[in-house]
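Student: Need a 3D model of the following:
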Amino acid sequence: MNRLQGNVAIVTGGTMGIGRACALRCAQEGAAVAVADISDDDRTVKEIRADGGQARHIVMDVSRRDDWQNLVATTIAEFGKVDLLANVAGVVNTLTPDNVIDLTDEAWDRVMNVDLRGVWLGMQAVLPHMISIGGGRIVNMASEAALKGCDDLAVYSAAKGGVLALTRQAALTYARENITINAICPGTIDTPILQIVGPDIRNACAQSHMIKRLGRPEEIAGMLAFLFSADGAFCTGMDYAVDGGWSVNGRNI
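Tutor: Below is the predicted model of the structure:
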């Protein structure tokens, strides 16, 4: 469990759910971790430090370029470099019904600004530094919703589809700089956000997987650790479905 020893990782959305699991896994694998989130909840960092790891909590908004510049500069000042970026922060549309007719400009912009613009700004902020140190690894969190249609997830699906396209394009451009860029498409994962919906919906989501259960945040973090490690060094420009077989099943949620 020391595949990332000597590396420095930035993980956005690191206070809960998949982001928290990814931050903890990076630390368990030996990386120093900058845990970035719009929340000031620093429990992830406290847990990493309690286990003997190195971590710092940085409050930021992934949709703001200035916040990204500060995040990267602060991480370099604290830990000396940035080798790894996990763009995990994301939101879903809770303002309107998420279909093409009912979407408002506000709802569209909120999801796009975090889920797609945030990924772009993150890569834009770290890539010059990664080039200067001779390479790096980036993993962008997409979704099963980017792989096939999901009812009432219009803007979320569009944003995550954009993440896949941007991942492929960036991987093509920066492979020559020894930088790998990949995406993970989680299925329905048992996170605090999922507790908002009722048990009937959670059960329907679980049954839509070929493996008849919800995924665990730690299972997404395991794929991230692989892609960040030397084991994933020959992987770039790809999207990896960690979805219990949902993407090859004919059923939609």
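Student: Just the helices from the stretch 1-150 of the chain, written as ranges.
Tutor: 17-28, 43-50, 65-79, 105-112, 118-133 (DSSP state H, counting those that start in this stretch).
Student: Just name the most buried of these.
Tutor: Compared across the helices of the stretch 1-150 of the chain, helix 17-28 shows the largest average neighbour count, a mean of 26 (mean count of other Cβ atoms under 10 Å). In this view, the C-beta of every residue, glycine as well, is placed from N, C-alpha and C.
Student: Could you tell me the angle between that one and helix 43-50?
Tutor: If you take axes from the mean of the first three to the mean of the last three Cα atoms, to 10 degrees, helix 17-28 sits at 20 degrees to helix 43-50.
Student: Other residues contacting helix 17-28?
Tutor: 1, 4, 9, 11-14, 33, 35, 37, 44, 47-48, 51, 53-55, 84, 86, 88-89, 141, 186, 189, 191-193, 216-218, 220-222, 224-225, 228 (Cβ atoms under 8 Å, 6 or more residues apart in numbering).
Student: next one: stretch 88-100
Tutor: By Cβ under 8 Å, 6+ apart, stretch 88-100 touches 11-14, 18-19, 22, 36-38, 62, 102-104, 106-107, 110-111, 114-115, 118, 141, 152-156, 193.
Student: List the ones among those that fall in strands.
Tutor: Using DSSP state E, the members of these that fall in strands are 11-12, 36-37, 141.
Student: Now do the contacts for the closest residue in space to residue 186 that isn't next to it in sequence.
Tutor: Spatially, and ignoring its direct neighbours in sequence, residue 186 is nearest to residue 220 (5.1 Å; Cβ to Cβ, 6 or more residues apart in numbering). By Cβ under 8 Å, 6+ apart, the residues touching residue 220 are 18, 21-22, 141, 184, 186, 189, 242.
Student: Below-threshold pLDDT in the stretch 1-150 of the chain: ranges please.
Tutor: Across the stretch 1-150 of the chain, nothing is flagged by pLDDT under 70.
Student: Could you identify the helix or strand that succeeds the longest strand along the chain?
Tutor: When the chain is parsed with DSSP E, its longest strand is strand 179-186. Downstream of strand 179-186, the next assigned helix or strand under DSSP states H and E is helix 199-208.
Student: still on that earlier bit, specify which member of the ones in strands among the contacts of stretch 88-100 is nearest to residue 133.
Tutor: Distance to residue 133 across the ones in strands among the contacts of stretch 88-100 (Cβ to Cβ) is lowest for residue 11, with 18.6 Å.
Student: about what we covered before: include distance to residue 247 when you put the helices of the stretch 1-150 of the chain into a markdown table, please.
Tutor: Converted to a markdown table, these look like this (distance: least, Cβ to Cβ, whole Å):
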| stretch | distance to residue 247 |
| --- | --- |
| helix 17-28 | 17 |
| helix 43-50 | 29 |
| helix 65-79 | 30 |
| helix 105-112 | 21 |
| helix 118-133 | 20 |
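Student: Which of the ones you listed sits closest to residue 170?
Tutor: Comparing the helices of the stretch 1-150 of the chain by Cβ to Cβ, helix 118-133 comes nearest, at 5.8 Å.
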